[in-house]
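Undergrad: structural data only, the sequence is not supplied:
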């Protein structure tokens, strides 16, 4: 069992930065690939970014590529999402999730077995 707790969301202006954190319980954190997803009001949940167990492989949605950076610290059981040059379209609830599937499925939400409760990110124009 892994529990995930996100933090770091908030209200910012367009062009600002935020860093989201996701703290995981349990001693097997390094066994999981981790992902960030987001869901805006009236829209389906979408993949944002993913990282493999070691941090050596990462993936990003086209909409955030070049602006967001995912990283992890297995010693701290934490995964991060650094978000720069934020846009109003980035407004959503952001969720972190843990997956035991291979990295080839990092973008697939159903591959994830544990989810956090989400943190709200609001970007004003």
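TA: Looks like it arrived, so ask away. Since the model is a prediction, treat every value here as computed from it, not as a measurement.
Undergrad: residues touching residue 16, list them.
TA: 86, 123 (C-beta atoms under 8 Å, 6 or more residues apart in numbering). All C-beta spots, glycine's among them, are computed from the backbone N, C-alpha and C.
Undergrad: what do you get if the cut-off is 7 Å, keeping everything else the same?
TA: residue 86 (C-beta atoms under 7 Å, 6 or more residues apart in numbering).
Undergrad: centre-most residue in the chain?
TA: residue 36 (2.2 Å; C-alpha atoms, centre = their mean).
Undergrad: my guess is that one is in a strand, correct?
TA: Yes: assessed with DSSP: H, G, I helix; E, B strand; the rest coil, residue 36 lies in a strand.
Undergrad: how close does the residue nearest to it when sequence neighbours are not counted get to residue 109?
TA: Distance criterion C-beta to C-beta, 6 or more residues apart in numbering; nearest residue to residue 36, sequence neighbours excluded, is residue 48 at 4.3 Å. Distance, residue 48 to residue 109, using C-beta to C-beta, to the nearest Å: 11 Å.
Undergrad: before we move on, the earlier item: partners of the helix or strand where the residue nearest to residue 36 lies in the sheet?
TA: Using DSSP states H and E, residue 48 falls within strand 46-51. Pairing partners of strand 46-51, with direction, according to DSSP bridges: strand 33-39 (antiparallel), strand 58-60 (antiparallel).
Undergrad: what does the shortest one rub up against?
TA: Outside of strand 58-60, the residues within contact range by C-beta under 7 Å, 6+ apart are 49, 50, 51, 68, 70, 106, 107.
Undergrad: make JSON lines from those residues and add distance to residue 121 and neighbour count to it.
TA: Formatted as JSON lines, the contacts of strand 58-60 follow (distance: C-beta to C-beta, whole Å; neighbours: other C-beta atoms under 10 Å):
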{"residue": "49", "distance to residue 121": "13", "neighbour count": "26"}
{"residue": "50", "distance to residue 121": "18", "neighbour count": "26"}
{"residue": "51", "distance to residue 121": "19", "neighbour count": "25"}
{"residue": "68", "distance to residue 121": "11", "neighbour count": "23"}
{"residue": "70", "distance to residue 121": "15", "neighbour count": "22"}
{"residue": "106", "distance to residue 121": "21", "neighbour count": "21"}
{"residue": "107", "distance to residue 121": "20", "neighbour count": "17"}
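Undergrad: no more questions from me, cheers.
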